[in-house]
Every structure is written in structure tokens, then in C-alpha cells.
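> Structure for the following, please:
(chains A and B)
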Amino acid sequence: DGGITQSPKYLFRKEGQNVTLSCEQNLNHDAMYWYRQDPGQGLRLIYYSQIVNDFQKGDIAEGYSVSREKKESFPLTVTSAQKNPTAFYLCASSIYWGDQPQHFGDGTRLSIL
Amino acid sequence: AQKVTQAQTEISVVEKEDVTLDCVYETRDTTYYLFWYKQPPSGELVFLIRRNSFDEQNEISGRYSWNFQKSTSSFNFTITASQVVDSAVYFCALSEVGTTDSWGKLQFGAGTQVVVTP
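So this is what the prediction gives:
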């Protein structure tokens, strides 16, 4: 079955450490997205990629970095510059940029040790 | 500024009761899309419905129905005869088409937690 796979499901970060969240899709979608979800809040866009080898900052990109070297992969790195990284992170994709709806993975929960 | 407002933080009902979730949005665009997503405890967002700004026809799909009113900028969602499996967080979202900066982006409300007890 086609879909989006996020790993790991739970991740712990030590102070000053960078961690990378994986997002893989086999839907052959061009566009991919990363969202952050905090308790009691909606999702906020961190980064998005319209096509392979391209990515753009979303609304809350500070402290995060991404790459899009392969169409099916869009990893998110939470750097030590992100001072409040504890959140639920969701990856999504769509056939092309602007197409809706977006399809979501089942998330990675990041916590600080 | 918050463009999508879901004023209800949590709604608790007993099974078989109806549940209506409110969503109010704000946009200057004449062309936009509205969405409802469901987030069960497992975490993934499940797409439920999309409506474009030119289609105010209300829709019923099984136990779900949607009421879109441009005059009041509302896009409400009703679950009829609720079931325990309906327990989840429901998000309303807006996608504005009119500007390059907003094109393709989803703006979410804060979500409404629905708790259905047997």
C-alpha cells in the first residue's frame, strides 16, 4: 500500500544535540511538508518542498533544516538552535505543490531528556 | 492573526448523540479551500472533506455532514449518532489560492477534541 512512513515514532534529544526525523513516501508525490503540532494548537508549517532538490521555509523554520535529495525522502533535522523542540512532528505530501488534500504520516513525538 | 478559529476546545458526548463542531475562518481571497481533518489517538491526520469557496452546497456523507456558509465565514461539521470510534481531535483548515505566498499552504485551527463515551 502507498503511504507516508515516519520514523522513529518516539525520539529523545539531549541538550545541544541535533536529531533527524525521517519521512519517506511511496506515493510518487512531488510536494512534501513538515508540520509541528503543540498541545492544544493546530499544525504549523516548518518547511516544504515543491519538488526534488528544492525546499522553502514555512512559518516556523528557525532551528530546523531539511534536505530533498530524493523524491521519496524529506528528512527534518532539529538542531540545537531550536530551544523548544518538544512537540509532535507530522510529515505530509501531495501530488504537486498546491494540490489538496495533503496526505499525512503518523508522526514522530520528540522529547527533551 | 489566526485565520481559522475553532472555539470549542473539547466536546464530550454520550454515544448516539449528535456533535456539531464549529469553524470560523478569515480570508480576503475570493478563491480558497476549506478542509476538515480527523486526528485519532494514533496521531495521523485523516482527510475528511474539502470544499472550495464557490461551492456552498452542503454535503452529507454517512454520519457526517458539513454546513458551509460564506455569509458568516463558517464551515461547521456534524457527526450524527456519534460512536466511540469518533473520539479524536478534529481540525478545520484553510488554503488560500489567491496569493503566491499562501498558495499550497494549509492553515489550521487549534482543533476540537471530541470524546464519545459509551
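> just for the chain, where's the confidence low?
I'll assume chain A. Scanning chain A for pLDDT under 70 picks out A:1.
> I was thinking of chain B, sorry if that wasn't clear
In chain B (pLDDT under 70), the answer is B:1-2, B:99-101.
> Tell me which residue in chain A sits closest to chain B.
A:Gly42 (3.1 Å; CB to the nearest CB). Quick note: C-beta positions are derived from backbone N, CA and C, even for glycine.
> Now do the same contact list for that residue.
A:Gly42 makes contacts with B:4, B:91, B:93, B:107-111, as judged by CB atoms under 8 Å, 6 or more residues apart in numbering or on different chains.
> Reformat these as JSON lines; add secondary structure.
Below are those laid out as JSON lines (DSSP: H, G, I helix; E, B strand; the rest coil):
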{"residue": "B:Val4", "secondary structure": "strand"}
{"residue": "B:Phe91", "secondary structure": "strand"}
{"residue": "B:Ala93", "secondary structure": "strand"}
{"residue": "B:Gln107", "secondary structure": "strand"}
{"residue": "B:Phe108", "secondary structure": "strand"}
{"residue": "B:Gly109", "secondary structure": "coil"}
{"residue": "B:Ala110", "secondary structure": "coil"}
{"residue": "B:Gly111", "secondary structure": "coil"}
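> Just the buried ones out of these, please.
B:4, B:91, B:93, B:107-111 (16 or more other CB atoms under 10 Å in any protein chain shown).
> just the residues you listed that are near chain A?
Filtering the buried ones among the contacts of A:Gly42 for proximity to chain A by CB under 8 Å from any CB of the partner chain leaves B:4, B:91, B:93, B:107-111.
> nearest to chain A, of the residues you listed?
Distance to chain A across these (CB to the nearest CB) is lowest for B:Phe108, with 3.1 Å.
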